[in-house]
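Student: Give the three-dimensional model of this entry:
(chains A and B)
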Amino acid sequence: GESVGLHLPTLSVQEGDNSIINCAYSNSASDYFIWYKQESGKGPQFIIDIRSNMDKRQGQRVTVLLNKTVKHLSLQIAATQPGDSAVYFCAAISSGSARQLTFGSGTQLTVLP
Amino acid sequence: EPEVTQTPSHQVTQMGQEVILRCVPISNHLYFYWYRQILGQKVEFLVSFYNNEISEKSEIFDDQFSVERPDGSNFTLKIRSTKLEDSAMYFCASRPGLGLYNEQFFGPGTRLTVL
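Tutor: Modelled structure (predicted):
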């Protein structure tokens, strides 16, 4: 089966700096990856996704990098803002009809003023 | 913007009691999911539902759990005889189902506390 892990449980950055959150997955059959943001007391909120045929995708202030060789992906947040403080999860989806998500354990991002 | 809704936001029950958690997925979505998150842990997949039947379920989803789509809008998760270890946040999610690469939209969750 799939297992997804994150490298650091907590990350603190200064406001305005860039943040990098890392994630590793185990199943080479995973073909779709999503980063979610979870604020306290809320459900996971989609940030950005990437398919396995890509190695980089950019959104507004966020970039996801995928390295299939080492089964690693990262989320980069540019000019981190206080509103970015949350837990960030990566999730992998393996081929299959149900397309259920396998989540990593989460990184708590704290933005310092 | 359409969103997934869940009720109640918080459910407190006694061990051994039955609970039903309710979700209204986004209209026109075809795939529905339940996930749970024990406090401080990762979000875990429970079950997926498509075309009025379970399409996948995890080892967590044992005989004590069931899902139902009783009408065109609601999607429910029933736990027949709750255990202390069922205490968690339960998230419902849905996705359009058109194509392989579309995100799942999550509801705000129901916090289940089993005493």
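Student: Just list the residues touching residue 82, thanks.
Tutor: No chain specified, so I'll use chain A. A:15, A:111, A:113 (C-beta atoms under 8 Å, 6 or more residues apart in numbering or on different chains). C-beta coordinates here come from the backbone N, C-alpha and C atoms, glycine included.
Student: ah, no, chain B please
Tutor: B:13-19, B:112, B:114.
Student: which bits of chain A sit near chain B?
Tutor: A:31-32, A:34, A:36, A:41-46, A:49, A:51, A:89, A:91, A:96-106 (C-beta under 8 Å from any C-beta of the partner chain).
Student: List buried residues within those residues.
Tutor: A:31-32, A:34, A:36, A:43-44, A:49, A:89, A:91, A:98-106 (16 or more other C-beta atoms under 10 Å in any protein chain shown).
Student: Quick check: closest non-adjacent residue to the spatially most central residue of chain B.
Tutor: What sits nearest the mean C-alpha location of chain B, by C-alpha atoms, centre = their mean, is B:Trp34, with 3.0 Å. Leaving aside its sequence neighbours, B:Trp34 sits nearest to B:Leu46 (C-beta to C-beta, 6 or more residues apart in numbering or on different chains; 4.3 Å).
Student: isn't that neighbour right next to B:Phe65, touching?
Tutor: Yes: here B:Leu46 lies in contact with B:Phe65, judged by C-beta atoms under 8 Å, at a distance of 6.9 Å.
Student: so where's chain B shaky on pLDDT?
Tutor: B:98 (pLDDT under 70).
Student: sec struct for B:Ser73, please.
Tutor: coil (DSSP: H, G, I helix; E, B strand; the rest coil).
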